[in-house]
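Q: after the sequence you'll find the predicted model.
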Amino acid sequence: MTQHHILVIDDDERLRLLLRRFLEESGFRVTDVGSAADARTILTGLVFDLLIIDVMMPGETGLEFLTSLRQENPVPALFLTAMSETENRIEGLESGADDYMSKPFEPRELVLRIKSILARTSAVPTPGTSDIVTFGDFSFDLGTQQLTKAGARIHLTTAEQKLLGCFASQPDQVQSRQDISTAMDGTMQGRSIDVAVARLRSKLEQDPRYPVLLQTVRNKGWQLSTDRQTPTPHKATAPPSAGLPADEASE
């Protein structure tokens, strides 16, 4: 029996009961609530290992709830919603979700995704094998893929963890789009890398328009500047394209 405690947030009472029954049979502890407001109340007194959130709920939506929660709480979250368009998925991941599943769903797949998220976020480094890269006020553990700032954990989605891992595994070295795509087994390619870099900068940089830590190297790609260097801010010529290498910002 696992001790992982899951909070289900969905205004559909019938679905909540079904989810609760299935997840408890799969070995999880489960609490369920019917609104974002109720979730906020219960989160003030209990700590959960993962949230399962519906997007469309009366009052505060799941997207609004998670976006707000991410300002202070890094708890892993998975959206489970009837909104299945690609744009919906992108919006959900950008709000800070670790994963996104559409209804109707296969319960066994849900459990596998939950276990994958929990394995990643609950990983404990083996003594003597942890490799921590520091840059500015941040530290990134290559073993657990956890990012901290001044000792406080910063939430990263799975994609953001993998992307930062690419840079942190070769700090102070330029990483091209092709380097990143290869390192991520092709799961991120082309312009999606530019967008991901911009999102990552929003969590690392004081002003993402003028990156100091995750810098653009003209005509080549990007590099993570660590404490071994004295970083020099690179001014972006086109702030809306701050995630793009300088040679492509005007394309």
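A: Ah, there it is. What you are looking at is a predicted structure, and each value in this text was computed from that prediction instead of being measured.

Q: how close does the spatially most central residue of the chain sit to Ser68?
A: Central residue of the chain (Cα atoms, centre = their mean): Thr157, 1.3 Å from the mean position. According to Cβ to Cβ, to the nearest Å, Thr157 and Ser68 sit 17 Å apart. Bear in mind the C-beta positions are built from the backbone N, C-alpha and C, glycine included.

Q: check Thr61 too.
A: Relative to Ser68, and taking Cβ to Cβ, Thr61 is found at 11 Å.

Q: also Gln161?
A: Where Ser68 is concerned, Gln161 sits at a distance of 22 Å (Cβ to Cβ).

Q: do the same with Ser169
A: Using Cβ to Cβ, Ser169 is found at 33 Å from Ser68.

Q: swap in Leu163?
A: From Leu163 to Ser68 the distance is 24 Å (Cβ to Cβ).

Q: comparing those two, which residue is more hemmed in?
A: Between Leu163 and Ser68, counted using other Cβ atoms under 10 Å, the more crowded position is Leu163 (24 against 15).

Q: domains in the chain, as residue ranges please.
A: Split into domains by automatic domain parsing, the chain comes to 5-121, 132-248.

Q: pLDDT of the first one, averaged?
A: Regarding domain 5-121, the rounded mean pLDDT is 91.

Q: and it, how far apart are its ends?
A: By Cα to Cα, to the nearest Å, the extent of domain 5-121 from end to end equals 13 Å.

Q: where along the stretch 101-250 of the chain do the strands fall?
A: Taking DSSP state E, counting those that start in this stretch, the strands of the stretch 101-250 of the chain run over residues 132-135, 138-141, 146-149, 152-154, 214-217, 221-224.

Q: pLDDT below threshold where in the stretch 101-250 of the chain?
A: 122-130, 227-250 (pLDDT under 70).

Q: can you do 50?
A: 124-129, 229-243, 246-250 (pLDDT under 50).

Q: ranges for the helices of it?
A: For the stretch 101-250 of the chain, helices defined by DSSP state H, counting those that start in this stretch occupy the ranges 107-121, 158-169, 177-183, 191-204.

Q: can I get the ones you listed in JSON lines with distance to Arg21?
A: Shown next, in JSON lines, are those (distance: least, Cβ to Cβ, whole Å):
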{"stretch": "helix 107-121", "distance to Arg21": "10"}
{"stretch": "helix 158-169", "distance to Arg21": "27"}
{"stretch": "helix 177-183", "distance to Arg21": "41"}
{"stretch": "helix 191-204", "distance to Arg21": "36"}
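
Q: which one of these lies nearest to Thr81?
A: Among those, the nearest to Thr81 by Cβ to Cβ is helix 107-121 (12.4 Å).

Q: helices or strands next to the closest one in the packing?
A: On a contact count with 3 or more Cβ pairs under 8 Å, 6 or more residues apart in numbering; DSSP states H and E, helix 107-121 meets helix 13-25, strand 50-53, strand 77-81, strand 99-102, helix 158-169.
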